[in-house]
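K.L.:
Pasting the sequence and the predicted coordinates here, then a few questions.
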Amino acid sequence: MPADTNPEGDIFGGWLLAQMDLAGATPAFERANGRCATVALDGMVFHQPVSVGDEVSIYARVIHTGRTSIRVHVEAWKRARGQSEALSVRVTEGVFTYVAIDSERKPRPLSPV
């Protein structure tokens, strides 16, 4: 939406970052079998801008687990709207770290796979 853009019509990085955090949380929650909290973001790289109207797809996969933590690599791709032959282009990527938490919001061990 226009409220999520800068004066040049590019989407704010923070909006895209929030969408990526939501996407990354999905496999983290599944692996943790419950609630998680985002604790870190490493290696965020913006390769290209996203414009209003671009179709954005976000892909996430678990790359490492620790005792309480789950690291998820997240990529965002864009495709120009209204162009059936348009190719998807990777626009950003990053590694998000989530920690499994209990009902008191304290870290808890991950269950065995």
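P.N.:
Yep, that arrived. Numbers count the residues shown, from 1 in each chain.
K.L.:
ok, residue 110 touching residue 62?
P.N.:
No: judged on C-beta atoms under 8 Å, residue 110 makes no contact with residue 62 at a distance of 10.8 Å. Bear in mind the C-beta positions are built from the backbone N, C-alpha and C, glycine included.
K.L.:
Please say which of the two ends up with more neighbours.
P.N.:
Summary of the neighbour comparison: residue 110 and residue 62, criterion other C-beta atoms under 10 Å, with residue 110 having more neighbours (19 against 15).
K.L.:
sorry, back to before: look up the residues that both of residue 110 and residue 62 are in contact with.
P.N.:
Both residue 110 and residue 62 are in contact with 31, 70, where contact means C-beta atoms under 8 Å, 6 or more residues apart in numbering.
K.L.:
on contacts alone, who are the packing partners of the worst-scoring helix or strand of the chain on mean pLDDT?
P.N.:
Among the secondary structure pieces of the chain, namely its helices and strands, strand 36-46 has the lowest mean (mean pLDDT, DSSP states H and E), a mean of 92. Contact here means 3 or more C-beta pairs under 8 Å, 6 or more residues apart in numbering; DSSP states H and E; on that basis strand 36-46 packs against helix 13-32, strand 89-100.
K.L.:
so what's the spatially most central residue of the chain up against?
P.N.:
Taking C-alpha atoms, centre = their mean, the centroid of the chain lies closest to residue 20, which sits 2.1 Å from it. Taking C-beta under 8 Å, 6+ apart as the contact definition, residue 20 lies against 58, 60, 74, 76, 92, 94, 96.
K.L.:
In contact with the third one, which residues?
P.N.:
Okay, so that is residue 74. Applying C-beta under 8 Å, 6+ apart, we find residue 74 in contact with 20-21, 23-24, 58-60, 93-96.
K.L.:
Let's have the residues you listed in JSON lines, adding pLDDT.
P.N.:
Listed next are the contacts of residue 74 as JSON lines, based on pLDDT from 0 to 100:
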{"residue": "20", "pLDDT": "97"}
{"residue": "21", "pLDDT": "97"}
{"residue": "23", "pLDDT": "98"}
{"residue": "24", "pLDDT": "98"}
{"residue": "58", "pLDDT": "98"}
{"residue": "59", "pLDDT": "98"}
{"residue": "60", "pLDDT": "98"}
{"residue": "93", "pLDDT": "95"}
{"residue": "94", "pLDDT": "95"}
{"residue": "95", "pLDDT": "96"}
{"residue": "96", "pLDDT": "97"}
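K.L.:
If anything else comes up later, I'll come back, but that's it for now.
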